[in-house]
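A.B. asks: using only what follows, build the 3D model:
(one chain, ligands or ions: 1)
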Amino acid sequence: MLNQPMNPHDQDQSYIIERQNIKSIILDMIAASFETSAVAIVWAFSEVLRHPRVMLGLQQELETVVGRIRLVEESDLPKLTYLDMVVKESLRLHPVAPFLVPHVSMEDIVIDGYFVPKNSRILVNTWSMGRDRSIWSEDAEEFLPERFTDSNIDLRGHDFQLIPFGSGRRGCPGMQLALITMRLVLAQLIHCFQWELADEVDMSEIFGLTLPKAKHLLAKPTYRLLAKTT
Ligand code: HEM
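C.D. replies: Prediction:
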């Protein structure tokens, strides 16, 4: 029965997936993947541009791992450990979904002495968790990828202090693709070109379901391309 294709004209089917449903699902997939990945890359690249020390660290790592003869490839990513720390640090300070996606509690529960009734709307504030000094120490507001050097904290949903992709069964199913895209795009931008800031980068945010930069980097060129390096 399960293997039989669904017929939209079959009146006996209790739930029918039609063209409209497929279009909505595809629209959801596009919105959940393109916007989020683009916003995350713009934040990370902006932080790197504002921190020449970090830019230099990435350039040196790329020089050592990839060299100047060829382009960065996906297979290089596991060896780019500093880049991985930069991505984690950027998603800590700039989570693309500052409240994740709204959840609902399925039963009454007491957490840390607080009673949460069944059917409560749950918003997980990853933005403030990323800036919490009791978790990240006094320099929580600073962009410091080195804080992850000897740390086991990962962002894949097991360490609750850093969950930019959520956690558990409703966590982001596109996380793996998103992390590869972020690291590869950043690596190629930094490996192929020499960048310099022409102006201060505006880091103000627009709050919403996602958290984009108020001024997109491309709206006004705040950086100059100095040279192509590969
Ligand atoms: C840096 C990029 C991305 C970030 C930061 C991100 C983050 C998130 C977050 C926080 C959620 C909600 C999780 C929760 O509430 O527990 C989510 C859900 C989702 N994401 Fe992503 N995402 C990214 C990229 C992608 C990509 C590339 C895809 C698809 C290819 C994708 C597909 C989805 C879908 C379909 C959901 C809804 C899952 C559900 O409701 O069960 N995301 N994402």
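
A.B. asks: what's the helix ranked longest in the chain packed up against?
C.D. replies: For the chain, the longest helix by residue count, based on DSSP state H, is helix 175-192. Judged by 3 or more Cβ pairs under 8 Å, 6 or more residues apart in numbering; DSSP states H and E, helix 175-192 is in contact with helix 36-50, helix 52-65, helix 81-93. C-betas here are computed from N, CA, C, even on glycine.

A.B. asks: sheet partners, orientation included, of the helix or strand following the shortest one?
C.D. replies: Which is helix 81-93. Using DSSP states H and E, the helix or strand that follows helix 81-93 in sequence is strand 103-104. Sheet pairing for strand 103-104, assigned by DSSP bridges, gives strand 121-122 (antiparallel).

A.B. asks: about what we covered before: what's the angle between the longest helix of the chain and helix 81-93?
C.D. replies: 120 degrees (axes from the mean of the first three to the mean of the last three Cα atoms, to 10 degrees).

A.B. asks: and helix 175-192 with the ligand, contact?
C.D. replies: Yes. Applying Cβ under 6 Å from any ligand atom, one finds helix 175-192 in contact with the ligand at Leu177, Ala178, Met182.

A.B. asks: and what of stretch 29-37?
C.D. replies: Yes. Interface with the ligand: stretch 29-37 contributes Met29, Ala32, Ser33, Thr36, Ser37 (Cβ under 6 Å from any ligand atom).

A.B. asks: low-confidence bits of this structure, can you list those?
C.D. replies: Scanning the chain for pLDDT under 70 picks out 1-6, 8, 208-209, 214-230.

A.B. asks: returning to what we had before: which of the residues of helix 175-192 next to the ligand count as buried?
C.D. replies: Ala178, Met182 (16 or more other Cβ atoms under 10 Å).

A.B. asks: what does this structure put close to the ligand?
C.D. replies: Residues of the chain found near the ligand (Cβ under 6 Å from any ligand atom) are 29, 32-33, 36-37, 40, 96-97, 100-101, 164-166, 170-174, 177-178, 182.

A.B. asks: now do the same contact list for the residue nearest the centre of the chain.
C.D. replies: Ranked by distance to the mean C-alpha position of the chain (Cα atoms, centre = their mean), the top residue is Ala40 at 4.8 Å. Ala40 makes contact with Ser90, Leu91, His94, Val96, Ala178, Met182 under the criterion Cβ atoms under 8 Å, 6 or more residues apart in numbering.
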